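> Fold the following for me, if possible:
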Amino acid sequence: MEVRAVGALNIVDDEPARMGVWLPEYARLLKAPNPKGAPAMMAKMFAGDWGVAFMTKLRGAENSRAKTALAWTPQYPTWRMGFAKELEG
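The predicted structure is shown next:
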């Protein structure tokens, strides 16, 4: 049975996460300093309203349509597993 995908599909893992959750973990794995925050008004000057919303409010994309339409599953079910595997020693 052929499934026709219409519109955009999110090719992401199974664990949506806000940037404020995954970015500090990524820094930790890189042995980098924890990212510093900035007041929203200052960030808006550089990233605009949409950029600030993207970094603070969005939880991440959801992949169920891609899984169904493409009969697909992510190689790493979670971003934590993907980061750990890609950055392992």
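
> Every contact and neighbour count from this point should use C-alpha atoms.
Fine.

> can you point me to the longest helix in this structure?
helix 40-56 (DSSP state H).

> Touching it from outside, list them.
18, 19, 20 (Cα atoms under 8 Å, 6 or more residues apart in numbering).

> Tell me the helix or strand right after it.
Counting by DSSP states H and E, the next helix or strand C-terminal to helix 40-56 is helix 64-70.

> got a list of contacts for that next one?
So helix 64-70 is in contact with 3, 4, 5, 9, 10, 11, 72, 73, going by Cα under 8 Å, 6+ apart.

> Need these in a markdown table (columns: neighbour count).
Converted to a markdown table, those look like this (neighbours: other Cα atoms under 10 Å):
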| residue | neighbour count |
| --- | --- |
| 3 | 9 |
| 4 | 9 |
| 5 | 12 |
| 9 | 16 |
| 10 | 14 |
| 11 | 16 |
| 72 | 13 |
| 73 | 16 |
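
> what's the helix or strand for residue 21?
If you go by DSSP H and E, residue 21 is part of helix 19-29.

> Look at residue 22 and say how many residues are nearby.
When counting by other Cα atoms under 10 Å, one arrives at 15 neighbours for residue 22.

> Please give me every residue in contact with it.
Contacts for residue 22 (Cα under 8 Å, 6+ apart) come out as 79, 80.

> ok, so what distance separates it from residue 15?
10 Å (Cα to Cα, to the nearest Å).

> Packing partners of the strand or helix carrying residue 86?
Residue 86 belongs to helix 79-87 when elements are defined using DSSP H and E. If you count contacts as 3 or more Cα pairs under 8 Å, 6 or more residues apart in numbering; DSSP states H and E, helix 79-87 packs onto helix 19-29.
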